[in-house]
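In: all I have is the shape, not the residue letters:
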Ligand SMILES: C[S@@+](CC[C@H](N)C(=O)[O-])C[C@H]1O[C@@H](n2cnc3c(N)ncnc32)[C@H](O)[C@@H]1O
């Protein structure tokens with residue numbers, strides 16, 4: 001939806017390359033060693049690289065932006081457990097199931113209908129007992145309702161030429177349950193992703209596909 005916005009950012013290579021607190025939390029709380037992981041919307045690859053360094057068996061990391069994926073493919077071509085792919089994660093074909101589907105700050109970039117498609121895809125493409133790990137902007141986020149409302153997409157706004165849709169926390173958890181996920185952890189609070197001296201409110205959810 002916002003591909004040119006991201007391509008432009010990646011062409012400047014100005015993004016933070018340290019792993020996010022969410023990735024570190026996943027490594028710590030779930031453990032990634034020996035596991036297969038797919039990251040949806042990997043951006044500059046910082047979290048995928050963190051999982052690979054933490055001895056994941058295989059990390060597939062997809063993003064829609066050719067420029068950042070080509071750079072990452074070139075830079076990490078010798079790293080056997082890292083596979084960067086240029087794909088639209090809202091229309092992925094089914095694959096060999098993963099242990100973990102990870103998505104940070106990406107579900108708010110797509111429409112509600114696309115989000116539902118992605119959740120169903122995750123359910124089909126996780127192993128039994130596999131985990132879905134999501135961090136995303138919700139309606140308690142400080143810039144909810146700031147900007148131009150998007151016609152036909154409630155809770156979505158354009159601010160500085162950038163689309164964001166703010167998830168309703170309870171409705172999102174209910175959507176996951178309706179897709180047969182069990183919620184292991186769900187909070188909407190500050191402290192998840194402090195950035196540039198600001199500590200905004202975000203949703204973090206870890207859910208399991210039942211055994
Ligand atoms: C806010 S950035 C987050 C990057 C990374 N997950 C992180 O936390 O550093 C959102 C990323 O999702 C990607 N993205 C958004 N919609 C996408 C889609 N439909 N398919 C693939 N990538 C997408 C964008 O290109 C961008 O790189």
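Out: Now that the structure is in, tell me what you want to look at. Values in this document were obtained by computation on a predicted structure and should not be read as measured data.
In: top strand in the chain by residue count?
Out: The longest strand of the chain (DSSP state E) is strand 126-136.
In: tell me which strands that one pairs with, and in which orientation.
Out: strand 98-104 (parallel), strand 202-208 (antiparallel) (DSSP bridges).
In: what comes up buried for that strand?
Out: 126, 130, 131, 132, 133, 134, 135, 136 (16 or more other Cβ atoms under 10 Å). Bear in mind the C-beta positions are built from the backbone N, C-alpha and C, glycine included.
In: show residues contacting stretch 86-102.
Out: Residues from elsewhere that reach stretch 86-102 (Cβ atoms under 8 Å, 6 or more residues apart in numbering): 23, 26, 30, 32, 35-41, 47, 51, 60, 62-66, 69-70, 103, 106, 110, 114, 117-118, 121-122, 124-127, 130-133.
In: can you narrow those down to the ones near the ligand?
Out: With Cβ under 6 Å from any ligand atom as the criterion, the contacts of stretch 86-102 include 41, 47, 62, 63, 64, 65, 106, 110 near the ligand.
In: residue 141 falls within a helix, correct?
Out: No. Judged by DSSP: H, G, I helix; E, B strand; the rest coil, residue 141 forms no part of a helix; its state is coil.
In: give me the distance from the longest strand of the chain to the chain's centre.
Out: 11 Å (Cα atoms, centre = their mean, to the nearest Å).
In: let me see the mean pLDDT of the helix or strand just after it.
Out: The first helix or strand that comes after strand 126-136 along the chain, using DSSP states H and E, is strand 148-149. Strand 148-149 carries an average pLDDT of 98.
In: name the helices or strands packed onto strand 148-149?
Out: Contacts defined by 3 or more Cβ pairs under 8 Å, 6 or more residues apart in numbering; DSSP states H and E place strand 148-149 against strand 156-159.
In: which outside residues touch the next helix or strand after the strand it packs on?
Out: Reading on from strand 156-159 to the C-terminus, the next helix or strand found by DSSP H and E is strand 162-165. Contacts with strand 162-165, where a contact means Cβ under 8 Å, 6+ apart, come from 1-2, 5, 108-112, 137, 143, 147, 150, 153, 155-158.
In: repeat that with 7 Å
Out: Applying Cβ atoms under 7 Å, 6 or more residues apart in numbering, the external contacts of strand 162-165 come out as 1-2, 5, 108-109, 111-112, 137, 150, 153, 155-157.
In: so does that strand get close to the ligand?
Out: No. Judged by Cβ under 6 Å from any ligand atom, strand 162-165 makes no contact with the ligand; its nearest approach is 9.4 Å.
In: with stretch 5-15 instead?
Out: Yes. Contact of stretch 5-15 with the ligand (Cβ under 6 Å from any ligand atom) involves residue 6.
In: and stretch 191-200, by the same measure?
Out: No. Stretch 191-200 stays clear of the ligand (Cβ under 6 Å from any ligand atom), getting no nearer than 8.4 Å.
In: so what's residue 130 up against?
Out: When contacts are counted by Cβ under 7 Å, 6+ apart, residue 130 touches 97, 98, 99, 100, 209.
In: picking that back up, any chance of TSV for the contacts of strand 162-165, columns neighbour count?
Out: Below are these laid out as TSV (neighbours: other Cβ atoms under 10 Å):
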residue	neighbour count
1	16
2	16
5	14
108	20
109	25
111	16
112	18
137	24
150	16
153	13
155	19
156	21
157	18
